[in-house]
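S.K.: have a look at this fold, sequence not included:
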């Protein structure tokens, strides 16, 4: 739960995948490896408790029977065997970490195939993908084979040291016990040989139990090494999330992000993408309410980088940004709302697709609210979805059920539901017809939503008052601003 709280604090889940290279598989560590760590900790504790108790008990019994010398010989052998095996013990910790890394890369190949099955099948890319998957699998198999060989070598020596050689030690201690009665005439004359024999047998069994318990404890080396490897992975994730979470907690006090009640203002801002690639320098733009702007430029010109910087997702190395935000300095959907080209399909009901990130429970949703939602669906031209999908409470994998055009209209309905001051429209109407596109922009204007449209070309000029051109062709700073005459 602690890791989940850190992961979902502010934008930590975004930063760990986009701004930080320390952890490449946070989703696997926070799910599978945390579970494995919990199970291993329970198993390790219970498995170690029994041999530890047995070794302690048997040592006491040996001391009472043979004195300090018997305990010294037994303990000395155990320590000598332990020191010898230290040179043969594989680094189970590192082996486990390497196995996690290789399995993660192998899993990534299959996840990518699942995500792009249609394209791969259409282009006949099965042989190429098969070759890539085989290459990743070969690395996993080679690692497992090497680890098993190291484990086999360790187990052979361990079996010899713990289960075979101890017979000699036990026999020697038994003889030492018997020799203590060689000059005892009372024992010999009264037929006390049976007592000596039974005592020697007891000593031998006690020694063997001690070594067996020692062997059980030493066999935990592999389990302990794997446990430590998993623990390091999980703690590395925890330290990284704590670091990123602390930075996000301080982002509200970032002097580069200033709260504003009205305009969005960029003052001498450098937009730097991950990898320290500066896409725009000294950006000075003032976007006033009711004065929509269209941002144009070729691919990789920094258009989408603009809203990432505006939303605080990317650091600002130079300049200041004033934007509407709440009292904590966080941009909320009521101030600035993003509608991407492929809207995020929420896990939930049809109603949740419109209200996200808000969620209205079915039992609490009123008829008036459902009528308002239907009005928004009618506005964007998809009221039929309610009946077709089985009502507002229908649940589906919406990114597969809805066409791209329907998803884009859902995104616009979501925009109108929250009715923000500003809307960043990142080519969000590319899959709808021109007349529908005009209708949606007109509806946004009527509701007082100031659009910041991102597009590769100038379009719908009548709905914008300024054009922000981005790209190397627009001066040394990579941008230029002009008024649009309507």
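M.R.: Alright, I've got the coordinates. From a predicted model like this one, the values you see are computed outputs, not experimental measurements. Numbers count the residues shown, from 1 in each chain.

S.K.: tell me where the stretch 351-486 of the chain has helices.
M.R.: Taking DSSP state H, counting those that start in this stretch, the helices of the stretch 351-486 of the chain run over residues 367-379, 384-389, 398-401, 404-418, 434-446.

S.K.: just confirm residue 317 contacts residue 270, I think it does.
M.R.: Yes. Using CB atoms under 8 Å, residue 317 makes contact with residue 270 at a distance of 5.5 Å. In short, each C-beta sits where N, CA and C put it, glycine included.

S.K.: if we can go back for a sec, residue 102 is nearest to which of the helices of the stretch 351-486 of the chain?
M.R.: The closest of these to residue 102 is helix 398-401. By CB to CB, the value is 30.2 Å.

S.K.: rewinding a little: among the helices of the stretch 351-486 of the chain, which is nearest residue 92?
M.R.: helix 398-401 (41.7 Å).

S.K.: which residues sit against that closest one?
M.R.: 345-346, 350, 353, 389, 407, 410 (CB atoms under 8 Å, 6 or more residues apart in numbering).

S.K.: low-confidence stretches in the stretch 51-200 of the chain?
M.R.: By pLDDT under 70, the weakly predicted segments of the stretch 51-200 of the chain are 65-67, 69-70, 73, 77-78, 81-88, 118, 122-123, 158, 161-200.

S.K.: so which other helices or strands are in contact with the helix or strand hosting residue 153?
M.R.: For residue 153, the host element (DSSP states H and E) is helix 126-159. Here helix 126-159 touches helix 68-86, helix 92-115, helix 193-250, going by 3 or more CB pairs under 8 Å, 6 or more residues apart in numbering; DSSP states H and E.

S.K.: swap in 6 Å and give it another go.
M.R.: On a contact count with 3 or more CB pairs under 6 Å, 6 or more residues apart in numbering; DSSP states H and E, helix 126-159 meets helix 92-115.

S.K.: residues contacting the helix it packs on, please?
M.R.: Residues outside helix 92-115 that contact it (CB atoms under 6 Å, 6 or more residues apart in numbering): 25, 28, 129, 132-133, 136-137, 139-140, 143, 147, 222, 225-226, 228-229.

S.K.: re the thing from before, now render the contacts of helix 398-401 as a markdown table, adding neighbour count and pLDDT.
M.R.: Shown next, in a markdown table, are these (neighbours: other CB atoms under 10 Å; pLDDT from 0 to 100):
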| residue | neighbour count | pLDDT |
| --- | --- | --- |
| 345 | 19 | 86 |
| 346 | 19 | 86 |
| 350 | 24 | 92 |
| 353 | 25 | 91 |
| 389 | 18 | 91 |
| 407 | 22 | 90 |
| 410 | 26 | 92 |
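
S.K.: if you count neighbours, what's buried in stretch 443-458?
M.R.: 443-444, 449-455 (16 or more other CB atoms under 10 Å).

S.K.: just checking, which of the residues you listed belong to strands?
M.R.: Residues of the buried residues of stretch 443-458 located in strands (DSSP state E): 450-455.

S.K.: what's the span of stretch 5-13, first residue to last?
M.R.: 10 Å (CA to CA, to the nearest Å).

S.K.: what is the mean pLDDT for it?
M.R.: Mean per-residue pLDDT for stretch 5-13: 80.

S.K.: what is the nearest of the contacts of helix 398-401 to residue 275?
M.R.: residue 345 (29.2 Å).

S.K.: domain assignment for this structure?
M.R.: As assigned by automatic domain parsing, the chain contains the domains 2-251, 257-483.

S.K.: point out the most buried one among those domains.
M.R.: The highest mean neighbour count among those, using mean count of other CB atoms under 10 Å, belongs to domain 257-483: a mean of 17.

S.K.: any idea how far that domain is from the middle of the chain?
M.R.: Its chain's C-alpha centre and that of domain 257-483 lie 27 Å apart, by CA atoms, centre = their mean, to the nearest Å.

S.K.: got the end-to-end distance for that domain?
M.R.: 26 Å.

S.K.: mind putting the contacts of helix 398-401 into JSON lines with distance to residue 107?
M.R.: Output for the contacts of helix 398-401, formatted as JSON lines (distance: CB to CB, whole Å):
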{"residue": "345", "distance to residue 107": "23"}
{"residue": "346", "distance to residue 107": "25"}
{"residue": "350", "distance to residue 107": "32"}
{"residue": "353", "distance to residue 107": "29"}
{"residue": "389", "distance to residue 107": "32"}
{"residue": "407", "distance to residue 107": "28"}
{"residue": "410", "distance to residue 107": "31"}
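
S.K.: hang on, the earlier thing: dump the helices of the stretch 351-486 of the chain into TSV; add distance to residue 125 as well.
M.R.: Supplementary listing: the helices of the stretch 351-486 of the chain in TSV, determined by distance: least, CB to CB, whole Å:
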stretch	distance to residue 125
helix 367-379	38
helix 384-389	33
helix 398-401	21
helix 404-418	22
helix 434-446	34
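
S.K.: closest one to residue 246 among the ones you listed?
M.R.: Taking CB to CB, helix 404-418 is the member of the helices of the stretch 351-486 of the chain nearest to residue 246, at 29.7 Å.

S.K.: tilt between that closest one and strand 450-455?
M.R.: Put simply, helix 404-418 runs at 160 degrees to strand 450-455, going by axes from the mean of the first three to the mean of the last three CA atoms, to 10 degrees.

S.K.: packing partners for helix 404-418?
M.R.: strand 336-339, helix 350-355, helix 367-379.

S.K.: direction included, what does the first one pair up with?
M.R.: When pairing is defined by DSSP bridges, strand 336-339 lines up against strand 422-426 (parallel).

S.K.: quick one, the partner strand and helix 434-446 angle?
M.R.: 160 degrees.

S.K.: give me the contact list for strand 422-426.
M.R.: 307, 336-341, 415, 449-454.

S.K.: over to stretch 325-336?
M.R.: In contact with stretch 325-336 (CB under 6 Å, 6+ apart) are residues 252, 259, 311, 324, 418, 420-422.

S.K.: do that again at 7 Å, thanks
M.R.: The contact list for stretch 325-336 (CB atoms under 7 Å, 6 or more residues apart in numbering) reads 252, 257, 259, 310-312, 323-324, 357, 418, 420-422, 424.

S.K.: now do the end-to-end distance for it.
M.R.: By CA to CA, the extent of stretch 325-336 from end to end equals 8 Å.

S.K.: any idea of the mean pLDDT in it?
M.R.: Stretch 325-336 comes out at a mean pLDDT of 76.

S.K.: what do you get for stretch 213-231?
M.R.: The model assigns stretch 213-231 a mean pLDDT of 74.

S.K.: centre of the chain to it, how far?
M.R.: Worked out by CA atoms, centre = their mean, stretch 213-231 lies 27 Å from the chain centre.

S.K.: likewise stretch 11-24?
M.R.: Its chain's C-alpha centre and that of stretch 11-24 lie 8 Å apart, by CA atoms, centre = their mean.

S.K.: what about that stretch, start to end distance?
M.R.: For stretch 11-24, the first-to-last residue distance is 17 Å (CA to CA).

S.K.: name the residues that touch that stretch?
M.R.: Against stretch 11-24 from outside (CB under 7 Å, 6+ apart): 6-7, 26, 236-237, 240-241, 244-245, 248, 274, 313.

S.K.: so residue 272 is in which element?
M.R.: Residue 272 belongs to strand 264-273, assigned by DSSP H and E.

S.K.: tell me the angle of that strand relative to strand 450-455?
M.R.: 30 degrees.

S.K.: C-terminal to strand 264-273, what's the next element?
M.R.: strand 277-287.

S.K.: direction included, what does that following strand pair against?
M.R.: In its sheet, and by DSSP bridges, strand 277-287 pairs with strand 264-273 (antiparallel).
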